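Visitor: Sequence and computational prediction follow.
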Amino acid sequence: MSPKKIAAEKAVECIQTGMTIGLGTGSTVYWAIHKIAQRIHEGLMIRAVATSNGSEQLAQQLGIPIVPFSEIGQIDLTIDGADEVDAHFDLIKGGGGALLREKIIAANSKQFIVIIDESKQVDKLGRFPLPVEVVPFAAELTIRQIRDLGCTPKIRTTDGQTYKSDNGNLIIDCDFGEITQPASLTARLNSIPGVVDNGLFVQMASCLVVGYKDGTVKLEYMGVN
Ligand SMILES: O=C(CO)[C@H](O)[C@H](O)COP(=O)(O)O
């Protein structure tokens, strides 16, 4: 079994009947959504909200009940992937372009479980270029201010076209090199008018599930290890 699938399926064991679940986005979460659907067919009763149109469609195809945000209070548990995780459980997310919705859902969840394969664990964040979501209006000016913070920014494209997030915004992939102070960087980025949010998730994860190539899986809880 792939390390991503191992981590995803372990995280799904934490779900209990009656919970409202946040569904993340990406190729690791893909396995979690499939496992949740399997558990629902075996009798698990949950409802879910999704962090992207893609995850919502997949969940609906597999029979997972998706409910409107107006019908939920707090989300009990969100399961999502990450592009990098450091020793403090700080994350870079947004490789799949869903960082804004992912951050909103994570911030409104009692538990935020991050599922990764071992390749995502790093000493310091920053090998993966930091995704920053920017409104299209006057994006050149916004990107100039992002560059002034000390990075090389690149407008994300897909199949030769400018990539647009589910919110209709641009994603700017920013190479800052090693990120030593993620809290400070996230505050400075988000203070630029035109920046909607960025992919640094600082002190948000409550649990990390890591899948390994040898078939093992490790759970780490924030503040416990
Ligand atoms: O942040 C994300 C999407 O915006 C993903 O969680 C992240 O990119 C990891 O993806 P994958 O599980 O495919 O490696």
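Guide: Yep, it's here.

Visitor: Could you list every helix and strand in contact with the top helix by length along the chain?
Guide: When the chain is parsed with DSSP state H, its longest helix is helix 27-41. Contacting helix 27-41 under the criterion 3 or more C-beta pairs under 8 Å, 6 or more residues apart in numbering; DSSP states H and E are the following elements: helix 3-12, strand 20-23, helix 53-61, strand 75-80, strand 109-117. Where C-beta positions appear, they are placed from N, C-alpha and C, glycine not excepted.

Visitor: What parts of this protein come near the ligand?
Guide: 24-28, 80-83, 93-99, 102 (C-beta under 6 Å from any ligand atom).

Visitor: Which among those count as buried?
Guide: 24-26, 28, 80-83, 93-99, 102 (16 or more other C-beta atoms under 10 Å).

Visitor: related to what we said a few turns ago, turn the helices and strands packed on helix 27-41 into a markdown table, including distance to residue 202.
Guide: Converted to a markdown table, the helices and strands packed on helix 27-41 look like this (distance: least, C-beta to C-beta, whole Å):
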| stretch | distance to residue 202 |
| --- | --- |
| helix 3-12 | 21 |
| strand 20-23 | 18 |
| helix 53-61 | 23 |
| strand 75-80 | 15 |
| strand 109-117 | 12 |
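
Visitor: Could you dump these into CSV and include distance to residue 206 and mean pLDDT?
Guide: Shown next, in CSV, are the helices and strands packed on helix 27-41 (distance: least, C-beta to C-beta, whole Å; pLDDT from 0 to 100):
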stretch, distance to residue 206, mean pLDDT
helix 3-12, 12, 98
strand 20-23, 12, 98
helix 53-61, 20, 98
strand 75-80, 9, 98
strand 109-117, 5, 98
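
Visitor: Indicate which one of these is closest to residue 179.
Guide: Residue 179 lies closest, by C-beta to C-beta, to one member of these: strand 109-117, at 17.2 Å.

Visitor: Direction included, what does the helix or strand following that closest one pair up with?
Guide: Remark: after strand 109-117, the chain's next helix or strand is strand 130-134, criterion DSSP states H and E. Strand 130-134 sits in its sheet next to strand 170-175 (antiparallel), strand 195-198 (antiparallel), going by DSSP bridges.

Visitor: Centre of the chain to the last one, how far?
Guide: Here the centre of strand 195-198 is set off from its chain's centre by 14 Å, with C-alpha atoms, centre = their mean, to the nearest Å.

Visitor: Quick one: mean pLDDT for that strand?
Guide: Summarised as a single mean, pLDDT over strand 195-198 is 98.

Visitor: got the CA coordinates for that strand in PDB?
Guide: Only the C-alpha atoms of strand 195-198 are listed here, as PDB (Å, rounded to 0.1, in the frame of the first residue of the first chain):
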ATOM      1  CA  VAL A 195      -3.100  39.000  -1.000                       C
ATOM      2  CA  VAL A 196      -6.100  36.800   0.100                       C
ATOM      3  CA  ASP A 197      -4.100  34.300   2.100                       C
ATOM      4  CA  ASN A 198      -0.900  32.200   1.900                       C
END
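
Visitor: So which residues make contact with it?
Guide: Under the criterion C-beta atoms under 8 Å, 6 or more residues apart in numbering, residues 94, 99-100, 103, 130-135, 142, 146, 167, 169, 185-186, 189-190 lie in contact with strand 195-198.

Visitor: Same question for the longest one.
Guide: In this structure, residues lying in contact with strand 170-175 by C-beta under 8 Å, 6+ apart are 94, 97, 99, 126, 129-136, 139, 143, 146, 151-156, 162-165.
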